[in-house]
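K.L.:
give me coordinates for this.
(one chain, ligands or ions: 2)
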Amino acid sequence: MTDLLPTAAPGETPVRVMTIAGSDSGGGAGIQADLRTFALLGLHGCVAVTAVTVQNSLGVSGVQTIDPEVVAAQIRTVTSDIGVSAVKTGMLATAEIISAIADACTEVGIGGGGVPLVVDPVCASMHGDPLLATDALDTLVGRMFPLADIVTPNLDEVRLITGVDVVDADSQRAAARALRDRGTRWALVKGGHLRGSDRSPDLLFDGDDYIEIDGPRIDTPHDHGAGDTLAAAICSALAHGYSMPDAVVFAKRWVTRGLESAYPLGAGHGPVNPLWRVG
Ligand SMILES: Nc1ncnc2c1ncn2[C@@H]1O[C@H](COP(=O)(O)OP(=O)(O)O)[C@@H](O)[C@H]1O
Ligand SMILES: Cc1ncc(COP(=O)(O)O)c(N)n1
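P.N.:
Ligands and ions are numbered 1, 2, ... in the order given. Next comes the predicted model:
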């Protein structure tokens, strides 16, 4: 497997994908991270914006959500004209927005065995600022997980969704099982927040087999947008027809390379850097 995906010839339409997520004004996470990964992997990225966050390297100081009907309309108008081969979701903000997205996805054939759907169940920023209304978690799990080909929570999100505290390989497996019980086809329990090891192992589970997708732990404070970058790369590989295990292995290598060349930005946490691709 290579570190890159096939690209279109100049003038030829590239593979299209879509991110349904929030905007990060600091450019490190959210739709900005997704679009960077899509573009650098040679795909054309479309967007359904769910919220505009007021954010920099130190945290999130404001959120303006988008009218749920406008979010759904972005999904319908893109799919009816441009067409997409895979979709990922990130910050979905409120229960009303999630319901509108789930309805629109069902209507146009995203998820549920149709167009592959990657659900990154974003609940908070890395600084701990909330990105999902506290009453919206049940809707996120109840409406999006049954549509999802894969869900990609970090360990804080795993705890919120399943109650499982991941501290070692056994609890990582228990968390993967508990996630699958909530309706997703594949569960990925990311090990990025597992401290005290020189590895950062993610665990992929389809209900039968556990697949450990290992990688070295990169010693950097600049990991803003790591989860978005991983999920956007999984989405990109699925759009090219990769199997789920191959898509996650590909994406893990992509985010690891991005962490290796992550850069400082502002006074806080800088972003993972998929620009290694053009460096
Ligand atoms: N310091 C690190 N070194 C290597 N890989 C990491 C590191 N931090 C996160 N990752 C990887 O980046 C991806 C995103 O993980 P994580 O940081 O847990 O997600 P999130 O950004 O959603 O909190 C995972 O594949 C994880 O293993
Ligand atoms: C709009 C938006 N979406 C997602 C994240 C999560 O990224 P991180 O965990 O790196 O803060 C974020 N901070 N902002």
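K.L.:
what's the longest strand in this structure?
P.N.:
Counting residues, the longest strand found in the chain (DSSP state E) is strand 44-56.
K.L.:
which secondary structure elements does the biggest helix by length in the chain contact?
P.N.:
Using DSSP state H to define each element, the chain has its longest helix at helix 244-260. Under the contact criterion of 3 or more CB pairs under 8 Å, 6 or more residues apart in numbering; DSSP states H and E, helix 244-260 touches strand 202-205, strand 210-213, helix 226-239. Using the backbone N, CA and C atoms, a C-beta is placed for each residue, glycine as well.
K.L.:
do that helix and ligand 2 meet?
P.N.:
No - Helix 244-260 lies apart from ligand 2 when judged by CB under 6 Å from any ligand atom; the minimum separation is 11.4 Å.
K.L.:
and the angle from that helix to helix 226-239?
P.N.:
140 degrees (axes from the mean of the first three to the mean of the last three CA atoms, to 10 degrees).
K.L.:
using PDB, list the CA coordinates for helix 244-260.
P.N.:
Extracted C-alpha coordinates of helix 244-260, given in PDB (Å, rounded to 0.1, in the frame of the first residue of the first chain):
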ATOM      1  CA  MET A 244     -12.400  -0.800   5.800                       C
ATOM      2  CA  PRO A 245      -9.200  -2.300   7.300                       C
ATOM      3  CA  ASP A 246      -7.100  -1.000   4.400                       C
ATOM      4  CA  ALA A 247      -8.800   2.400   4.600                       C
ATOM      5  CA  VAL A 248      -7.900   2.700   8.400                       C
ATOM      6  CA  VAL A 249      -4.300   1.500   7.900                       C
ATOM      7  CA  PHE A 250      -3.900   4.100   5.100                       C
ATOM      8  CA  ALA A 251      -5.400   6.800   7.200                       C
ATOM      9  CA  LYS A 252      -3.400   5.900  10.300                       C
ATOM     10  CA  ARG A 253      -0.200   6.400   8.200                       C
ATOM     11  CA  TRP A 254      -1.500   9.700   6.900                       C
ATOM     12  CA  VAL A 255      -2.200  11.100  10.300                       C
ATOM     13  CA  THR A 256       1.100   9.800  11.700                       C
ATOM     14  CA  ARG A 257       3.000  11.600   8.900                       C
ATOM     15  CA  GLY A 258       0.900  14.700   9.700                       C
ATOM     16  CA  LEU A 259       1.800  14.500  13.400                       C
ATOM     17  CA  GLU A 260       5.500  14.100  12.600                       C
END
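K.L.:
so how far is it from its chain's centroid?
P.N.:
Centre-to-centre, helix 244-260 and its host chain are 12 Å apart (CA atoms, centre = their mean, to the nearest Å).
K.L.:
got the contact list for it?
P.N.:
Helix 244-260 is touched from outside by 1, 3, 5, 37, 41, 149-150, 185-186, 188, 200, 202, 204, 206, 211, 213, 215-216, 218, 220, 222-223, 226, 229-231, 233-234, 236-238, 242, 272-274, 276-277, with contacts defined as CB atoms under 8 Å, 6 or more residues apart in numbering.
K.L.:
could you find the closest non-adjacent residue to the residue nearest the centre of the chain?
P.N.:
Centroid-nearest residue in the chain: Ala231, 3.3 Å away (criterion: CA atoms, centre = their mean). Counting by CB to CB, 6 or more residues apart in numbering, Ala231 lies nearest to Asp120, which is 4.1 Å off, once chain neighbours are set aside.
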